[in-house]
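Novice: would you be able to build a 3D model of this:
(2 chains, ligands or ions: 1)
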Amino acid sequence: MGKTLAGKLVSSHAGRNVSAGESAIVKVDYAFTHDASGPLVVKKLKEIGGGKLFDPKRVIIFIDHAVPSPRLEVSNDHAVLREFAKSSGCVFEEAGTGICHQVVAEKYAAPGRMIVGTDSHTVMAGALASFATGMGATDVSVAMTFGKTWLRVPETFRFVIDGKLPKGVYSKDIILHLIGMLGAEGATYKAMQFEGSTIENMEMSERLVLPNMSVEAGAKVGLIASDSKTEAYLKQMGRGDQFTELHPDANAQYEKTFEIDAAKLTPQVALPHAVDNVKPIGEIGEVKIDQVFVGSCTNARLEDIKIVASIIKGKKVAPGVRLMVTPASHKVYMEAVKDGTVQTLLEAGAVITPSGCGMCFGALGGVPADGERVFSTTNRNFQGRMGNPKAFTYLGSPAMAAATALKGVITHPAEVL
Amino acid sequence: MGGRAWKFGDGISTDHIAPGRFFHLRSNLPELSKHVLEDARADFAPNVKKGDFVVGGRNFGLGSSREHAPTIIKMAGVEAVIAKSFARIFYRNCVNIGLPVIIADTDQIDEGNILEVDLSAGKVRNITKKIELNFPPLPEIMTKILLEGGLIPYIQKHGGLPDI
Ligand code: SF4
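Specialist: Next up, the predicted model:
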């Protein structure tokens, strides 16, 4: 019987053939943590094996969640991580390097790899055909110590997406539409595999959004086969030699197949306080916005920021609206400085913050006031997510964010494109 | 014997359990646990007693992989989390830290009911209502881990991951 992408990836790391539903011990290529879970990981590493790592070159610590540190407790946590990185010799990505998942895509993920991280959006690296999944501090500490973890091979939901996306519609709208359709637990324990002509024509920057948000439907992994676009991206990152071809077998077995006509999609918005509370923009009425945030591992790559800049170039953010932009990584930030994107944004009235998670999850900066509404390109709008349980978060694409920043109400991107 | 049921609705996220605004308390778990589930029910943290139960609806624990979330539920003295369904990472985290997670029809449990759980028999006894709810056993590997009190105690005792 043929194998799905998930089946192939798990089998190759288990050293035997495993199919959906079976559990296996698998070898891990990279295990990572960050400042939100890292101090707990360090504590557990010491409990498990006295802090021993299976291979320091395959263990990564990122400082990304609270950058720059907003208070002394966090600074002390950062210091613990720096100290551990030094004494263990593991890979250390200092504050400002960027959001872990973005940096994993730039530097570590490649087809065929097994990656675990203490963060639910670890799934994003599935866009590069890595089996990448989020786990808690204990599981990741075990993986860092032994180079192994255990996994149940997920059944696969296959999404065949064909056709040309209409103007103003992006991969963010596809995944929001799918999450709205499946519900927040519709793909729990499953692999979501994305394919079809729409995906084949998509650049990596857009592709990454789909696996990134697969966890919002409960999925264990989101996967895309590797192809010439994957190779082009890896080359661009200076890692062309790490490309291998990896695709599901033609006769693979799927639990379900969904066919999506991309040409029929419209811009989608997730309304507070649930990511699956999704509506087409035409059905949300007039929603006034106080703050717009372009950031996070989901949608703050160079291409995203450039879309925003191209829409607001020569114009000004609407009175009463704050526009916050957080480039996903140092690399993205540098390129946006060099090509003038940053200047365009600043001229329009945007505030640009250091690379990191920024205001995505409420640990520092940009916390909305009681009753305020935020439009955000991030992946979660749970109550309290941005630091205030009395505020409201709406999710959508970067183009919609730019249109909204100009108009002060959630706006269809085609109105300004 | 038995503990009190604290009822929660569907879709309780890790942001309800351990909000990002208390990020700076993550290395101070006793302090963080004073805010456990605060954004879902402000009366829970100050009043929960050792041996009580958190009783949720669907998709309990969705969101972040932060293990602090189940850890502070356990630190608050909670005996087990019972819900109609769980998010994947949260479920696994609970087992890893030795906090029992039980999938059952929680519509049969009301706020304040007195419950008892028998893990090996797969039963939740609702003493107040005099009914029993059966629950399916956990996957074998998870039972092995839970019986040792979590994954780290398991590894300390057996020297590595359970065989599969
Ligand atoms: S940007 Fe947001 S969703 Fe992404 S890793 Fe950071 S906190 Fe998590």
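
Novice: hmm, who's touching stretch A:180-188?
Specialist: By Cβ atoms under 8 Å, 6 or more residues apart in numbering or on different chains, the residues outside stretch A:180-188 that reach it are A:157, A:179, A:214, A:216-219, A:258, A:268, A:270, A:274-279, B:11, B:58-59, B:62, B:85, B:87-88. Every C-beta, even on glycine, is put in place using the N, C-alpha and C of the backbone.

Novice: and the end-to-end length of it?
Specialist: Stretch A:180-188 has an end-to-end distance of 14 Å (Cα to Cα, to the nearest Å).

Novice: go on, stretch B:59-68?
Specialist: 18 Å.

Novice: that stretch near chain A at all?
Specialist: Yes: judged by Cβ under 8 Å from any Cβ of the partner chain, stretch B:59-68 and chain A are in contact via B:Asn59, B:Leu62, B:Gly63, B:Ser64, B:Ser65, B:Arg66, B:Glu67, B:His68.

Novice: and the contacts of stretch A:180-188, which of them are in strands?
Specialist: Of the contacts of stretch A:180-188, the ones assigned to strands by DSSP state E are A:Phe157, A:Phe258, A:Gln268, A:Ala270, A:Val278, A:Lys279.

Novice: what's the separation between the first one and chain B?
Specialist: I take that to be A:Phe157. To chain B, A:Phe157 is 14 Å away according to Cβ to the nearest Cβ, to the nearest Å.

Novice: what's around that residue, how many residues?
Specialist: 24 (other Cβ atoms under 10 Å in any protein chain shown).

Novice: same check, this time on the second one
Specialist: If you count neighbours by other Cβ under 10 Å, A:Phe258 ends up with 14.

Novice: that older thread, now which of the contacts of stretch A:180-188 would you call buried?
Specialist: Neighbour-count burial within the contacts of stretch A:180-188 applies to A:157, A:179, A:214, A:216-219, A:268, A:270, A:274-278, B:11, B:58-59, B:62, B:85, B:87-88; the criterion is 16 or more other Cβ atoms under 10 Å in any protein chain shown.

Novice: walk me through the domains of chain A.
Specialist: A:5-261, A:270-415 (automatic domain parsing).

Novice: among these, which is nearest the ligand?
Specialist: For those, proximity to the ligand was assessed by Cβ to the nearest ligand atom; domain A:270-415 is nearest, at 3.1 Å.

Novice: is that closest one anywhere near chain B?
Specialist: Yes: applying Cβ under 8 Å from any Cβ, one finds domain A:270-415 in contact with chain B at A:274, A:361-364, A:367, A:380, A:382-389.

Novice: where does the stretch 101-250 of chain A come near the ligand, residue by residue?
Specialist: Proximity of the stretch 101-250 of chain A to the ligand (Cβ under 6 Å from any ligand atom) is limited to residues A:His101, A:Asp119, A:His121.

Novice: roughly how far apart are the last one and chain B?
Specialist: Spelled out, that is A:His121. Taken as Cβ to the nearest Cβ, the span from A:His121 to chain B is 9 Å.

Novice: so after the helix or strand containing B:Lys74, what's the next helix or strand?
Specialist: Secondary structure assignment for B:Lys74, by DSSP states H and E: helix B:68-75. Per DSSP H and E, helix B:68-75 leads on to strand B:80-83 as the next helix or strand towards the C-terminus.

Novice: picking up where we left off before, tell me which of the ones in strands among the contacts of stretch A:180-188 is nearest to chain B?
Specialist: Proximity of these to chain B (Cβ to the nearest Cβ) peaks at A:Ala270, which lies at 13.2 Å.

Novice: in the beta-sheet assignment, what are the partners of that closest one?
Specialist: A:Val278, A:Leu395 (DSSP bridges).

Novice: list the contacts of the residue in the stretch 101-250 of chain A that chain B sits nearest to.
Specialist: Closest residue of the stretch 101-250 of chain A to chain B, Cβ to the nearest Cβ: A:Gly136 (3.6 Å). Counting by Cβ under 8 Å, 6+ apart, A:Gly136 makes contact with A:Ser37, A:Thr118, B:Ser65, B:Arg66, B:Glu67, B:Pro70, B:Ile89, B:Arg92, B:Asn93, B:Asn96, B:Ile97.

Novice: mind doing that once more with 6 Å?
Specialist: Applying Cβ atoms under 6 Å, 6 or more residues apart in numbering or on different chains, we find A:Gly136 in contact with B:Ser65, B:Glu67, B:Asn93.

Novice: give me the number of residues near A:Ser87?
Specialist: 9.

Novice: wait, I meant A:Gln236
Specialist: Neighbour number of A:Gln236 under other Cβ under 10 Å is 11.

Novice: let me see the confidence value for it.
Specialist: Looking at A:Gln236, its pLDDT is 98.

Novice: picking that back up, and of the ones in strands among the contacts of stretch A:180-188, the nearest to B:Val117?
Specialist: A:Phe157 (33.2 Å; Cβ to Cβ).

Novice: now A:Met181, what's its secondary structure?
Specialist: helix (DSSP: H, G, I helix; E, B strand; the rest coil).

Novice: just checking, A:Pro111 is part of a helix?
Specialist: No: the assignment for A:Pro111 (three-state DSSP) gives coil, which keeps it out of a helix.

Novice: so what's it up against?
Specialist: Taking Cβ under 6 Å, 6+ apart as the test, what A:Pro111 contacts is A:Ala129, A:Ser226, A:Thr244, A:Leu246.

Novice: repeat the analysis, applying 10 Å as the threshold.
Specialist: If a contact means Cβ atoms under 10 Å, 6 or more residues apart in numbering or on different chains, then A:Pro111 has A:5, A:9, A:128-130, A:224-227, A:230-231, A:234, A:242-247 as its contacts.

Novice: mind checking which of these are buried?
Specialist: Buried among the contacts of A:Pro111 (16+ other Cβ under 10 Å): A:5, A:9, A:128-130, A:224-227, A:230-231, A:234, A:242-243, A:246.

Novice: and those, which of them are in strands?
Specialist: A:Ile224.

Novice: can you narrow the buried ones among the contacts of A:Pro111 to ones near chain B?
Specialist: Among the buried ones among the contacts of A:Pro111, no residue lies close to chain B (Cβ under 10 Å from any Cβ of the partner chain).

Novice: among the buried ones among the contacts of A:Pro111, which lie within helices?
Specialist: Among these, the ones falling in helices (DSSP state H) are A:Leu5, A:Leu9, A:Thr230, A:Glu231, A:Leu234.

Novice: least trustworthy helix or strand in chain B by mean pLDDT?
Specialist: The weakest-scoring helix or strand in chain B, judged by mean pLDDT, DSSP states H and E, is helix B:140-147 (a mean of 89).

Novice: give the buried residues for that one.
Specialist: Residues B:Ile141, B:Met142, B:Lys144, B:Ile145, B:Leu146 are the ones in helix B:140-147 that count as buried (16+ other Cβ under 10 Å).
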